[in-house]
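In: Sharing a model that was predicted from the sequence below.
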Amino acid sequence: MKKILLLLTALLFTIGARAQKDIVSVADAIKIFQAKTLQVGKQVLEKQGYIYKGVSSDEFGKDYNWVKNMNLTSDFLPTAMGRGNSSMVLLAQDGKTVYIYVFNRTAFAGLQAQVKAMGYDMGNAVKGDKATLICTKDDQPTISFLTLQQPLPYCVQITE
């Protein structure tokens, strides 16, 4: 029985690690946020296989958009998911926010584990809202984890 449990634990760890490698790391997203420039975003993300899709504009503002293992409609909504974990990274043109959208719960949990390993306080869930977790650390950006509706089910938001 112990061998079976050990095997299952190893499989879960392997799946979790694989699910995370397709997505930008939290440390790299913070680097993009702190630089606040399109050039740094392109440099970091395109090295990891993300494709720049241009500037979207909606009621909340304009964002630079990158995607991996997916494509976007003309309205910048996700479509044509590819093999592996699909993700989308947005940098607000004013540099005030970076968004990471993922479509896999395991990958989302992996991002949360990265934030916890970086020493962030993970205990700031919004009261009455299980779908939002706000993580803080002195002299570091605030990281929020949001569970949304389709077509963008999981979001990590990095702000001041």
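Out: That came in fine, so what should we check first? Numbers count the residues shown, from 1 in each chain.
In: Point out where the protein drops to low pLDDT.
Out: Applying pLDDT under 70 to the chain flags the ranges 1-21, 124-130.
In: For the residue nearest the centre of it, list each beta-bridge partner.
Out: Central residue of the chain (C-alpha atoms, centre = their mean): residue 100, 3.1 Å from the mean position. Taking DSSP bridges as the rule, residue 100 bridges to residue 89, residue 156.
In: who's in contact with it?
Out: Applying C-beta atoms under 8 Å, 6 or more residues apart in numbering, one finds that residue 100 lies in contact with 23, 24, 29, 87, 88, 89, 111, 155, 156, 158. C-betas here are computed from N, CA, C, even on glycine.
In: again, but for residue 41
Out: Each residue near residue 41 by C-beta under 8 Å, 6+ apart is listed here: 32, 35, 64, 66, 89, 91.
In: phi, psi of the second one?
Out: By that I understand residue 35. phi -80, psi -30 (degrees, to the nearest 10).
In: Based on its surroundings, how many neighbours for it?
Out: Neighbour count of residue 35, defined by other C-beta atoms under 10 Å: 15.
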